[in-house]
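> Pasted the sequence and its predicted model underneath.
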Amino acid sequence: MTDRLTYEEKKELPDSVFGLPERREYPMPDAAHVRAAEAYFRYCPEELRPRLAKAILSKAKEFGVDIESPTILSYAKE
């Protein structure tokens, strides 16, 4: 399993698996993608970071992924 989705694969995903569903960005359909979202978090626009951080933590819990990024943890508290 790779953390890269093709355009077609991404198009088929429901909005609910995206960290930012209204933009269909940061897809997290599995544990590998949760880790990828954590890695790419720094590219998220500042104003959307608290929402994305909460989404990452929620999906991490669902898939049993430990999120250790202090940045994500601090944004999730906002």
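Received, thanks.

> What is the neighbour count of residue 10?
15 (other C-beta atoms under 10 Å). Every C-beta, even on glycine, is put in place using the N, C-alpha and C of the backbone.

> that's a strand at it, yeah?
No - per DSSP: H, G, I helix; E, B strand; the rest coil, residue 10 lies outside any strand segment and is helix.

> Which pLDDT value belongs to it?
In this model, residue 10 is scored at 91, pLDDT.

> ok, and the closest non-adjacent residue to it?
Distance criterion C-beta to C-beta, 6 or more residues apart in numbering; nearest residue to residue 10, sequence neighbours excluded, is residue 27 at 6.0 Å.

> Burial check on that neighbour, number of neighbours?
22.

> Could you check how far the residue of the chain most remote from its centre is from residue 40?
Ranking residues of the chain by C-alpha distance from their mean position (C-alpha atoms, centre = their mean) puts residue 8 at the top, at 18.8 Å. Counting by C-beta to C-beta, to the nearest Å, the separation of residue 8 from residue 40 is 21 Å.

> What distance separates the opening and closing residues of stretch 42-49?
9 Å (C-alpha to C-alpha, to the nearest Å).

> And it, what's buried?
44, 48, 49 (16 or more other C-beta atoms under 10 Å).

> Check which element follows the lengthiest helix in the chain along the chain.
Secondary structure of the chain per DSSP state H: the longest helix is helix 49-63. Downstream of helix 49-63, the first helix or strand assigned by DSSP states H and E is helix 70-76.
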